[in-house]
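Colleague: Structure for the following, please:
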Amino acid sequence: MYQGPQSAACLRVEGSAELLDVQLLTGKPVELPADHEYTLVLLALKHLVLAPAETEPKSTPKPKSAAPVDSPLVTEHTGAKPNAR
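Modeller: Numbering: from 1, shown residues only. So this is what the prediction gives:
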């Protein structure tokens, strides 16, 4: 979680020819290479807070649907006359 001022960075990642563009928005999570010098500086300045290690998400039980209400069926109207044939 990034806690510093809004910023952006373009990082050269070791072992890759591509640059990593990073948007740093206060209060938002950000993914940075753990061993990169820039990441270490942000940690030292306390602008970056490590997120807890992800674990298997616990499955939340689905809420049980409400029990059906006992109500008369449409065909069971009191006083209804049967269809004459």
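Colleague: Pull out the buried positions in stretch 30-50.
Modeller: L32, H36, Y38, T39, L42, H47, L48 (16 or more other Cβ atoms under 10 Å). Every residue, glycine included, has its C-beta placed from N, CA and C.
Colleague: Mind checking which of those residues are in helices?
Modeller: Within the buried residues of stretch 30-50, residues falling in helices by DSSP state H are Y38, T39, L42.
Colleague: which one of those is nearest A17?
Modeller: Proximity of those to A17 (Cβ to Cβ) peaks at Y38, which lies at 18.1 Å.
Colleague: Assess the claim that that closest one and A9 are in contact.
Modeller: Yes - judged on Cβ atoms under 8 Å, Y38 makes contact with A9 at a distance of 6.1 Å.
Colleague: Contact partners for the nearest residue to Q23 once chain neighbours are set aside?
Modeller: Excluding the flanking residues, the one nearest Q23 by Cβ to Cβ, 6 or more residues apart in numbering is A8, at 5.4 Å. A8 makes contact with D21, V22, Q23, L24, according to Cβ atoms under 8 Å, 6 or more residues apart in numbering.
Colleague: how about 7 Å then?
Modeller: Going by Cβ atoms under 7 Å, 6 or more residues apart in numbering, A8 touches V22, Q23, L24.
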